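[1] Below are the sequence and a predicted model; questions follow.
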Amino acid sequence: MGLENLNGRVAWIFEDVDFDVDEIVGVKNIKIQDVEKLADIAMRAFDPRFHDQVQAGDLLVGNHNFGYGHPHYPPMIAMRRLGISGVIAESFSPGYWRGEIAMGFPQVSCPGILAAVKRWDRIEVDWAACVVRNLTQGSSLGFEPLAIADRQMLETGGLIGYLHARSQAELT
Amino acid sequence: MGSTIAEKILARTAGVASVAAGDEIRAKPDFVIAYDFPGYTNVIFKQMEEDFGIEKVAEPERFALFIDHMVPAVSPEEEDLHRNTRDWGAKNGVPVYERLGIGHHVASELGYSTPGAFVVHFDGHVSQMGTFGTLAMGIRRHLLEAFVNERIQMQVPATVRVNLHGEAGRGVMARDIFHHIVRELGPAACRFQVLEIGGEALEHLSIDGRQTINCLAMFTGAVTAIMNPDAVTLPVALERARLDIEPVRSDADARYSAVHDIDIDALEPVVVVPPSPRNTQNLKDYVGTEVQVGYLGSCASGRLEDLEIAARVLSGQRIKPGFQLHVVPTSQAIMEEASRRGYLTDLIAAGAYVTSSSCDYCFGRAGVMTAGQRAVSTGTLNVRGRMGSPDSEIYIVNAAAVAASAITGEITDPRHYL
């Protein structure tokens, strides 16, 4: 089974180091469970026009230690609802990383990404080559390969699919 | 080349002679522990049955559940969650420890912190168990894997070694040492790695203090923290150990991704300024900041030495009228001992509100603040909204500073009272 490459525009660049993802929906909204409501709130504080411009498949870019703090799931549930297909960052905070990979949400650890892209550039994540291509600028940048469990989790849509695949593999 | 303590533990649990950072292994946790919490245990129980057709866990003696959040329950829904946990435990033959204190601390009291053991939980603060040479990792929702499979797939993390040198001065506690480590190394220095802490400064650190430091490892980016068992921890840990396994230690020539030396001789009390655990500053620069709430408790702090020093600061004093000081010992066993020693008497006489052990004051379920209020806290975290309104603020300080600030109603250097 292979992972389908991601191809989309850079919908937003979070420039803060140690970015706390809860800020995407705002801490006061972190307990909202309604996906539509979350999606409506998300990113308003960063760019009021975000919802009008974002398209299915678009990607987010982050700085070092993305997801630091005490990350909750609603912000990225909201981002997926808006069509975001993955996050590429200089590096990630482990708690955030584990949580989102378990949700089957692609995360790409790519040192140098901040200098390599501008907002709205079209980029491609090539899993097999371990490369992020900036199709707008015609450049490319290697990223850190995924651990086996992480890769299989993305291939199978998340933790449940992964564990089913594992049980199957062990039975056969 | 030798191995680190973490590598030795993972090699044993993976059934191989040795492992190195980056190796892919299938490790069998010695213990799988969790507290009941909506979205975690209740979902795991459901997924086990509905998605995997597993009615009971194999080897129930490897599992332990704790009821420490939402204690006491304030709604039928919360009590329903707890009842569901008790029922699941009874059905599976898995012990459910309730109202004994904060789960992973109680796990240490009950011997799950066996030196050399590998423990998984969904909550990262379980790294506290590393105090006893136990490798304990918080793996969030991946914990499901340990409920449905004997082994979990994982990559062996590298280890960062931190050597602590010197001795903490008056009014400087383990809490200050940990946040000083974050200040020195940065909040990402140990990302995806094990933080192994050693150095001769440990000789002066109590078990309580070591638990404080290990408990907070996640704020360096570490997946856990661990200390090699020594003359202080080993006798205690072995006496209550639940498994008969050989304690292991890092070899002198073990491989570390980095080695850092940090001196604590000149360290002063610190404050972690909101809204991030990365913001360690010297407390003296924030003296005078008005605060209305104090919280002394949590799995990080709230142990005997924290209660002792707070009692010493507050003995014969009265907290400022209107100030809310919540004292919540980390476990009932600690509370009982603090009571026996008279610490609680001193705290209560000074005006502290002392409560049986619970996680609820730490995560904004009890003793919450409204907009504009500020707390001094020994809780785990100071992010916005952690203790109530997103427009309230949390200043993390050591237990002595919480007590001293309760007297004055402003952030206060505890050394004036010691």
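    Received it, and whenever you're ready, just let me know what you need.
[2] Please identify the residue most distant from the middle of chain B.
    Within chain B, B:Gly53 marks the point farthest from the mean C-alpha position, 33.9 Å out by CA atoms, centre = their mean.
[3] To which secondary structure element type does it belong?
    When classified by DSSP: H, G, I helix; E, B strand; the rest coil, B:Gly53 comes out as coil.
[4] So which residues of the stretch 101-250 of chain B form helices?
    B:103-109, B:143-148, B:174-185, B:207-215, B:234-240 (DSSP state H, counting those that start in this stretch).
[5] how about the residues of chain B near chain A?
    B:24, B:47, B:51-52, B:124, B:138-142, B:144-145, B:148-149, B:153-155, B:187-188, B:191-192, B:218, B:221-223, B:275-278, B:381, B:383-386, B:389-390 (CB under 8 Å from any CB of the partner chain). In short, each C-beta sits where N, CA and C put it, glycine included.
[6] at 6 Å instead, please
    B:24, B:51, B:140-142, B:145, B:148, B:153, B:155, B:187-188, B:192, B:223, B:278, B:381, B:383-385, B:390 (CB under 6 Å from any CB of the partner chain).
[7] and after the longest strand seen in chain A, which helix or strand comes next?
    Using DSSP state E to define each element, chain A has its longest strand at strand A:6-14. Going down the chain from strand A:6-14, the next helix or strand is helix A:35-41, by DSSP states H and E.
[8] could you point out where chain A is predicted with low confidence?
    A:1, A:171-172 (pLDDT under 70).
[9] Nearest to the middle of it, which residue? Look it up for me.
    A:Val87 (2.5 Å).
[10] which SS state does it fall under?
    Once three-state DSSP is applied, A:Val87 turns out strand.
[11] Quick one: residues contacting it.
    A:Leu60, A:Gln107 (CB atoms under 6 Å, 6 or more residues apart in numbering or on different chains).
[12] Sort out for me which of the residues of chain B next to chain A are in strands.
    Among these, DSSP E puts B:Glu24, B:Gln153, B:Gln155 in strands.
[13] top of the residues you listed by neighbour count?
    Within these, B:Gln153 tops the neighbour count with 20 neighbours, counted by other CB atoms under 10 Å in any protein chain shown.
[14] List the contacts of it.
    A:Ala149, B:Arg26.
[15] pLDDT wise, what is it at?
    Model confidence at B:Gln153, given as pLDDT, is 94.
[16] Same check on B:Ile226?
    98.
[17] element containing A:Met76?
    Using DSSP H and E, A:Met76 maps to helix A:74-81.
[18] I'd like to check the angle between that helix and strand A:6-14, please.
    Per axes from the mean of the first three to the mean of the last three CA atoms, to 10 degrees, the angle that helix A:74-81 makes with strand A:6-14 is 140 degrees.
[19] Return the set of buried residues in helix A:74-81.
    The neighbour-count check on helix A:74-81 (16 or more other CB atoms under 10 Å in any protein chain shown) flags A:Pro74, A:Pro75, A:Met76, A:Ile77, A:Ala78, A:Met79, A:Arg80 as buried.
[20] what sits against the residue farthest from the centre of chain B?
    Applying CB under 6 Å, 6+ apart to B:Gly53 gives no contacts.
[21] do you know how far the closest residue to B:Asp51 other than its chain neighbours is from B:Gly124?
    Closest residue to B:Asp51 apart from its sequence neighbours, by CB to CB, 6 or more residues apart in numbering or on different chains: A:Ile160 at 5.6 Å. Separation of A:Ile160 from B:Gly124 (CB to CB, to the nearest Å) stands at 22 Å.
[22] neighbour count winner among the two?
    B:Gly124 (26 against 18).
[23] could you list every residue that touches that one?
    B:Gly124 sits in contact with B:Gly138, B:Met218, where contact means CB under 6 Å, 6+ apart.
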